[in-house]
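# Predicted model and sequence follow; I will ask about them next.
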There are 2 protein chains.
Amino acid sequence: MGHDDSYFMKMALQEAESAMKMGEIPVGAVVVSHGQVIARAHNMTERLTDVTAHAEMQAITMAADLLGGKYLSDCTLYVTLEPCVMCAGAISWAQLGKLVIGANDSKRGYKLLAPDVLHPKTEVIEGVLADKSTEMLQSFFRARR
Amino acid sequence: MGHDDSYFMKMALQEAESAMKMGEIPVGAVVVSHGQVIARAHNMTERLTDVTAHAEMQAITMAADLLGGKYLSDCTLYVTLEPCVMCAGAISWAQLGKLVIGANDSKRGYKLLAPDVLHPKTEVIEGVLADKSTEMLQSFFRARR
């Protein structure tokens, strides 16, 4: 029996927790191909001084590197927060098979400014362990205030 | 007397030409800060097997690395082709000061799917040496057919 979406989302949440410990906005991502985790990453924008170093971008790059091909049509990307426009654009180029989102991001999420950016074949599932992701983000921003 | 936009766009076109010689879709980008070129890059998606390796993404990452800060508010990005949604998202996160575009991209450019993605303070100039960029792209795709 295969693992369900919440199993891999928990792993993405662990990545988000690692980000938080480094003082990064806690967002984590995991790429799964045929039941195997092939990439785990978290937000590194502060550490790398790089606005492009979002969890999804790094996970996509790592996964393609491991597979030896640019396209992730057979892959599922689990991400703890709704991707931003940049990441959704990358997900679109990668022709991702399935996208599983934790919490929604009503301010910076792609659905606000680029609702039609994803590849039409990409299946999207939302709200998987959303509360855990939201709690972590809220506690991060509370601590910063 | 400072250089004008076409001077730096020519440099971006040279980058695009380097991409073409490597079998990459010819798109080039240059970042200028206070009249100095601080990053030059071209599309490397095939060579790096990475959909995120667009000219703009690499130029933004290089420029931030050189400046030691994530934000490019004092910079101008010259790019030979209208950025895609992913790159426009990155440009938005970087709070770029000025964006100078060569040719428009009516199919994959950000204006189609995410027209409001850029930071409101980013000045946008279009059509600088657009014909040169279009010619190079057309000759690239003609050769591939």
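Great, that's in hand. Predicted model, so just to flag it, every value in this text is computed and none were measured.
# longest helix of chain A?
Longest helix of chain A, by residue count under DSSP state H: helix A:5-21.
# helices or strands next to it in the packing?
strand A:28-33, strand A:36-42, helix A:55-67, strand A:75-81, strand A:98-103, helix A:130-144 (3 or more Cβ pairs under 8 Å, 6 or more residues apart in numbering or on different chains; DSSP states H and E). All C-beta spots, glycine's among them, are computed from the backbone N, C-alpha and C.
# Which positions in chain A make contact with chain B?
For chain A, the contact set with chain B under Cβ under 8 Å from any Cβ of the partner chain comprises A:45-46, A:49-52, A:57, A:60-61, A:64-65, A:68-71, A:84-90, A:92-94, A:113-114, A:116-117.
# how much space between the nearest residue to A:Glu126 once chain neighbours are set aside and chain B?
Closest residue in space to A:Glu126, ignoring its immediate chain neighbours: A:Ile101 at 4.7 Å, by Cβ to Cβ, 6 or more residues apart in numbering or on different chains. Distance, A:Ile101 to chain B, by Cβ to the nearest Cβ, to the nearest Å: 17 Å.
# about what we covered before: let me know which of the helices and strands packed on helix A:5-21 is the nearest to A:His3.
Minimum separation from A:His3 across the helices and strands packed on helix A:5-21 (Cβ to Cβ) falls at strand A:28-33, 8.4 Å.
# Give me the contact list for that closest one.
Residues outside strand A:28-33 that contact it (Cβ atoms under 8 Å, 6 or more residues apart in numbering or on different chains): A:8-9, A:11-19, A:37-43, A:55-56, A:58-60, A:62-63, A:67, A:72, A:74-80.
# Now which of the residues you listed would you call buried?
Buried subset of these (neighbour count, 16 or more other Cβ atoms under 10 Å in any protein chain shown): A:8-9, A:11-13, A:15-16, A:18-19, A:38-43, A:55-56, A:58-60, A:62-63, A:67, A:72, A:75-80.
# picking that back up, quick one, the longest helix of chain A and strand A:28-33 angle?
Put simply, helix A:5-21 runs at 140 degrees to strand A:28-33, going by axes from the mean of the first three to the mean of the last three Cα atoms, to 10 degrees.
# residue ranges with poor pLDDT in chain A?
Within chain A, the stretches with pLDDT under 70 are A:1-2.
# residues in contact with the residue nearest the centre of chain A?
By Cα atoms, centre = their mean, chain A has its centre lying nearest to A:Val79, at 2.7 Å. Shown in contact with A:Val79 (Cβ under 8 Å, 6+ apart): A:Ala12, A:Val27, A:Gly28, A:Ala29, A:Ala55, A:Glu56, A:Ala59, A:Cys87, A:Leu99, A:Val100, A:Ile101, A:Gly102.
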